[in-house]
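>>> with the sequence up front, the predicted model follows.
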Amino acid sequence: MIELTRNTLDPEKVTAKVRRDTNGAVVTFLGTTRDNFEGKTVLTLEYEAFEEMAVKKLEEVRQELMAEFGLEQVAISHRIGTVGIGEISLVVAIGSPHRKDAFFACHKAVDRIK
């Protein structure tokens, strides 16, 4: 599942997309807007994207993770537009039979997206 939206992200909804009885692990990452960057105050973040290309790139990341880690469930939801302090801008959820693969895949996903 890939989602690019201007709406508030729902981590439970995204995580539910990767839950299966065959998975022994579900790892979810939430990227949030913090109130500072390099010693400066941050009020909001503004995410812009050419939506068609962004969805394509997120799907490429998803497919790479599934192939590399043997996963069947990867969900990525990214918010665009104005994101306030403490609000979620990114949700990555990984479902895997084993926790090690889930953690490594989630870490790699976030690195690739950022």
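Received, thanks.
>>> sticking with the residue sitting nearest the centre point of the chain, tell me its helix or strand.
Within the chain, the residue whose C-alpha comes closest to the C-alpha centroid is residue 92; the distance, by CA atoms, centre = their mean, is 2.6 Å. Using DSSP states H and E, the secondary-structure element containing residue 92 is strand 88-96.
>>> for that strand, packing partners?
helix 11-16, strand 25-32, strand 73-79, helix 99-113 (3 or more CB pairs under 8 Å, 6 or more residues apart in numbering; DSSP states H and E). The C-beta positions use only the backbone N, C-alpha and C, and glycine is treated the same way.
>>> now do the second one against helix 99-113, angle only.
Angle, strand 25-32 to helix 99-113, by axes from the mean of the first three to the mean of the last three CA atoms, to 10 degrees: 30 degrees.
>>> strand 25-32: which residues count as buried?
Under the neighbour-count criterion of 16 or more other CB atoms under 10 Å, strand 25-32 has 25, 26, 27, 28, 29, 31 buried.
>>> mind checking how far the helix or strand just after it is from the chain centre?
Downstream of strand 25-32, the first helix or strand assigned by DSSP H and E is strand 36-37. Chain-centre distance of strand 36-37: 21 Å, with CA atoms, centre = their mean, to the nearest Å.
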